[in-house]
Structure formats: C-alpha cells, structure tokens
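Engineer: just a sequence and a predicted model for now, questions to come.
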Number of protein chains: 2
Amino acid sequence: MINKNAPVGVFDSGVGGLTVMREIMRQTPNEKIIYFGDTARVPYGSKSRDTVTKYSRQIVRFLQSKEVKAIVVACNTASAYALEEIEKETDIPIIGVVKPGAKVAAAATVNGRVGVIGTEGTISSGIYSEYIKKINPKASVIGKACPLFVPLVEEGLWQDPVTDDIAGRYLEELIDTGIDTLILGCTHYPLIRSTVGRLMGEEVTLVNPAYETARELKELLQEKNMLSDAGAKLGEERYRFYVSDAAEKFKRFANSIIKYGILSAKIVNIEEY
Amino acid sequence: MINKNAPVGVFDSGVGGLTVMREIMRQTPNEKIIYFGDTARVPYGSKSRDTVTKYSRQIVRFLQSKEVKAIVVACNTASAYALEEIEKETDIPIIGVVKPGAKVAAAATVNGRVGVIGTEGTISSGIYSEYIKKINPKASVIGKACPLFVPLVEEGLWQDPVTDDIAGRYLEELIDTGIDTLILGCTHYPLIRSTVGRLMGEEVTLVNPAYETARELKELLQEKNMLSDAGAKLGEERYRFYVSDAAEKFKRFANSIIKYGILSAKIVNIEEY
C-alpha cells in the first residue's frame, strides 16, 4: 500500500536542485519534501558515468530509508548518467529532469534546431539529443558545455560583467547555429536565466526543465492517485534538508533560493548507504 | 629498515598538486613518485574539516599500500585541515605545503605584513597565520579566499581578461593593506602567478609553497639518509599516477603541467581504503 502522504524525495549534487524543489513547492504545495544535497562530493558535472551512478545509488538508498513515495533526480548530470540504472533497481516512481525538459523543447521548436547548455557530463552523454530525437527525429540538437557557470553562480555572480563575458563566449557558437529553443540543462542555470536570455535574444525560447519536471511530478502523482491530501501534520516539518557536508553553508545558499526560512540541514554519512 | 629507493607519495584533491610534484621532480630527480589525485571528490576547498580529514586518511592508507617512504600532502586545504591528524596515525614522514610556505613568508617579509590567498577551507582555518606567528609573533597575516581561481585555472583561462577581472576584485583589499609578501596558498595558483604578480606589483614578494615544499622534502630525505641513490630500474615506471575518477581527463591536464609524457593514470576506488 502506497502512503500518499509520504514525502517526495529530491536530490542533487549540491544546491542547484533547489531550483527544482522550488518549482515542486509552487506546483504541489501539499507535498512534503525531503531534499538531499551531496555537498561532500559536489560537483557531479565533471565526473564519470560510473562515479555519478555510484553516488546516485547511495542517495536513492538513503531516500528510501526515509520512506519517500517518489524520487526526483533534480540534477541533470545524475539524470543523464544514472537514471536508467536506478530506475531498474527501485520500485517507486523516479523522475529525472532531462526527459521533461526534452519533451517541452521538442514541442517548442519551430525550425527543429534546439540548443542545450549543461555540464560536461550532461553534454557529453548526448542524452537531451537522444530524447528529443525520439519525439522529433528531424530535430538537430546542439550541445555546449559551460563548466564555469556553476562556480560563477555559487560565487553569487548571478548578474555580473564577468558572467556576461563568460556567457558570451560559451553562447557565441550556439547563436551562430540559428537555434530557436535553448534548454537550461543544469539546475544552476535558471539563476542566470536573464543573462542567457539577453544574449540569446527574444526569438529564442528558453526551456527550464525545473518547471517541467515539477509539472510532470504533479501529473504522475495525480495519475497514480498519490497526491498528498493532508500536508504536514502539526509539529511535523514540511520540508526537510539533508546534506553530506557543510550544512551551515548549504543553509545560507538555500535560503537565497527558497524563500521558506530553512532552519537546519542535517549531515548524513552518505558513503554508508 | 627503510627502503631508500621506495617511492615518495604525493596527493592532492585533483590536478593542482602536480605543481608540487613538478618541483619535486626538478629538485630531486632520482626520486620515484606515486601521485594520487582525488578527482572523484574534488574540490576540497569548499568542504568541511571532517570531510577533508576523512578523505585524506583514505588516501594515506592507499599510498601506504604502495609502500611509499614519505608522503607529501600537496594540497593546501588537506594540509590545513588534516595534516596533524594523519601525522599522528602514520609512522613515515609526512610533509604538508603550509609549513614550508609559512616559513619562507615569515623570513621574506620586511614590514611584517603577509597576505595569503587560498580556498575557503585554507583561509578559514587560519593555519598560515598560526604558523607565521609562531616564527614571527609580531607579523600580521591577512587572508583572502578566492573560490573562482580553481575553476578558472581548470578551464584553462590562465591568462585571460576574465581572470584579470576576478583577480582584481579578490586582490583589491589585500593591496590596500600594504602587505609586502603574498603566499600563493593553493596549488593551482602558481599557474596564474603572472596575473597575481602584475596586480600586486613588483614590491610584493610572491611565495610559492610548491617550491619550498620540494626543498623541505629534499632536506628531510637527506637528513634521514633516505634520498634515493638508484632511480627507477629498467622497465620500471619512475612516475605513477592514480586518480579516483576520470583518468583520461586527468591525463590531458597533467600533461599540460608536467612535461613528462604521462601515459596513463589508474583509477582507484578510494572509498574502500
């Protein structure tokens, strides 16, 4: 028996996945959420498939120990590398951020040219291209890894001439390809959405997989009659946060993304899972 | 009985420690070296003391399994957080990069004002200040964390207007303090030494702990009569490289720092140590 009032598990390599959690909070406000950020091993974007898959498995086991009813892989790199593997091993629904983003991009493009920006791992996996072509075999998908975006966002330079300069270099070749749709294929990127949007121009549609993923989660829970009808009980925390390291720093950053007043994040020894 | 022809172990969170290895190769060309880069968990600079100490312990155990005669902690953050702990647990000599750097800076300063740039972990530990004040209690030590330097170096922007801009912001407050000596307190920083030097001006002495550490290693091996007198045997690799992830990427970067023609790096499951 599924407990429809059980929490949803959300995980990411660090803080980026909070942009996904924020959307889930908006679109399904009744849901309780357990968030895990792998701050001891962040970033995932430059690591290999094997390593990211191993880390994702450990986190899924941790979230299952908290009896979540569904899991959202709120990290593009983990979705790209590990989703298929962990889906096979788990009996609760698992949603990644890649498929929902790809679906919307495939629908949004008019000229069939879609750009994707993300980490080295996400881009080199070619996964967005794979999903988009399943829907629209004629689409051409152009990927561009932007390794400095994550550190720039984490340093707080969301609106800054340096971010403009770096973004200009990364995006230049994408602009030249004539894409009409661009996927923000890393959960940090919505935080520099305005810079990317300005550089790409108004004729390019930006797709934010965070929004689409939250919508897909809602639909899935509805379909399976698993939407919570109760919310948090009195004295129960609606949102709980776990990290593998540096809980205080996580809390500060999290509060700049999620306006909820996060009081604490608990440290978990994730290598034990 | 110490085997003086055993290799020296060198470790870092990733590729930065190769600047230390390069100095060891120059100053003690007879020594065999085993390098370990923790590429699966890099960076250490933003992680907590507990986590960095746990990771360092695992690596020391790995290096001891390779029967090294001495270990160089070629990472400022690990030296700052973990050196004291791991020294207690190990019976071979261990050298960090912090003490040699601090010693030279304390000797070099004329006006007693020393600056240190490094990761958040190294700076917040206050360890350079602690060591410098042991030698010169009147010295004043001003630290500044520069979190974007590592990603900028790893993106290859060693000489670039963006690196100039970011460096200008980080260093501005140090320039205002009238320091006459600046410690490059992160193993990546020698790679942007010219940018830092230009901004600080000629009257500021830059201290590169990589160089000082290699010198201290040489002195220590001499003192203990542990300098290798044989070099590598025929068919034996003089320099061996191990990483916890993404060996190919490591190899490319390593070859841009060390002109040795690194042929391969082996992957180690470091969590098992």
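Structural biologist: Nice, I can see it.
Engineer: what sits against residue A:153?
Structural biologist: Residues in contact with residue A:153, defined by Cβ atoms under 8 Å, 6 or more residues apart in numbering or on different chains, are A:16, A:188-189, A:191-192. Quick note: C-beta positions are derived from backbone N, CA and C, even for glycine.
Engineer: can I take it that it is in a strand?
Structural biologist: No - Residue A:153 is assigned helix when assessed by DSSP: H, G, I helix; E, B strand; the rest coil, not a strand.
Engineer: and it, how far is that from residue A:19?
Structural biologist: Distance of residue A:153 to residue A:19, given as Cβ to Cβ, to the nearest Å: 10 Å.
Engineer: repeat that for residue A:137.
Structural biologist: 31 Å.
Engineer: in the stretch 151-273 of chain A, which residue sits nearest chain B?
Structural biologist: residue A:151 (4.0 Å; Cβ to the nearest Cβ).
Engineer: correct me if wrong: that residue contacts residue B:154.
Structural biologist: No - at 9.4 Å, residue A:151 and residue B:154 do not qualify as touching, with contact defined as Cβ atoms under 8 Å.
Engineer: and residue A:136, what is it in contact with?
Structural biologist: A:106, A:109, A:112.
Engineer: with residue A:16 instead?
Structural biologist: A:74-75, A:150, A:153, A:186-188.
Engineer: by neighbours, which of these wins?
Structural biologist: Among those, the one with the most neighbours (other Cβ atoms under 10 Å in any protein chain shown) is residue A:75, at 37 neighbours.
Engineer: and for the residue lying closest to it once chain neighbours are set aside, the neighbour number?
Structural biologist: Using Cβ to Cβ, 6 or more residues apart in numbering or on different chains and skipping the chain neighbours, the partner closest in space to residue A:75 is residue A:12 (4.3 Å). By the measure other Cβ under 10 Å, the count of residues near residue A:12 is 29.
Engineer: surely residue A:12 and residue A:74 touch.
Structural biologist: Yes - contact criterion Cβ under 8 Å: residue A:12 and residue A:74 qualify, at 4.6 Å.
Engineer: quick one: secondary structure of residue A:210?
Structural biologist: Strictly by three-state DSSP, residue A:210 counts as helix.
Engineer: can you pull the contacts of it?
Structural biologist: A:19-20, A:22-23, A:74, A:97, A:187, A:190.
Engineer: any idea of the pLDDT on it?
Structural biologist: Looking at residue A:210, its pLDDT reads 95.
Engineer: returning to what we had before: count the residues that sit near the residue of the stretch 151-273 of chain A closest to chain B.
Structural biologist: The burial count for residue A:151: 21, using other Cβ under 10 Å.
Engineer: next, residue A:69: phi, psi?
Structural biologist: phi -90, psi -20 (degrees, to the nearest 10).
Engineer: and it, how many residues sit next to it?
Structural biologist: 20.
Engineer: how about the CA coordinates for the lowest-mean-pLDDT helix or strand in chain A, as CSV?
Structural biologist: Least confident element among the helices and strands of chain A, by mean pLDDT, DSSP states H and E: helix A:247-257 (a mean of 89). The C-alpha trace of helix A:247-257 is given here as CSV (Å, rounded to 0.1, in the frame of the first residue of the first chain):
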residue,chain,number,x,y,z
ALA,A,247,25.3,22.1,6.5
GLU,A,248,25.7,25.8,7.5
LYS,A,249,26.9,26.9,4.2
PHE,A,250,24.2,24.9,2.4
LYS,A,251,21.6,26.6,4.6
ARG,A,252,22.7,30.1,3.7
PHE,A,253,22.7,29.4,0.0
ALA,A,254,19.4,27.5,0.2
ASN,A,255,17.7,30.4,1.9
SER,A,256,18.8,32.7,-1.0
ILE,A,257,16.9,30.4,-3.5
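Engineer: how about the contacts made by the residue most central in space within chain A?
Structural biologist: Centroid-nearest residue in chain A, with Cα atoms, centre = their mean: residue A:74, separated by 3.1 Å. Going by Cβ under 8 Å, 6+ apart, residue A:74 touches A:10-12, A:16-21, A:97, A:187, A:210, A:213.
Engineer: so for stretch A:202-218, what gets flagged as buried?
Structural biologist: A:204-218 (16 or more other Cβ atoms under 10 Å in any protein chain shown).
Engineer: and for stretch A:24-39?
Structural biologist: So stretch A:24-39, judged by 16+ other Cβ under 10 Å, has buried residues A:24-25, A:27-28, A:31-39.
Engineer: list the ones among these that fall in strands.
Structural biologist: When the buried residues of stretch A:24-39 are checked against strands (DSSP state E), the matches are A:33-37.
Engineer: quick one on the thing from earlier: okay, the angle between the least confident helix or strand of chain A and strand A:33-37?
Structural biologist: 120 degrees (axes from the mean of the first three to the mean of the last three Cα atoms, to 10 degrees).
Engineer: just the buried positions in helix A:247-257, please.
Structural biologist: So, applying 16+ other Cβ under 10 Å, buried residues of helix A:247-257: A:247, A:249-250, A:253-254, A:257.
Engineer: give me the subset of these touching chain B.
Structural biologist: With Cβ under 8 Å from any Cβ of the partner chain as the criterion, the buried residues of helix A:247-257 include residue A:249 near chain B.
Engineer: having no further points to raise, I will conclude here.
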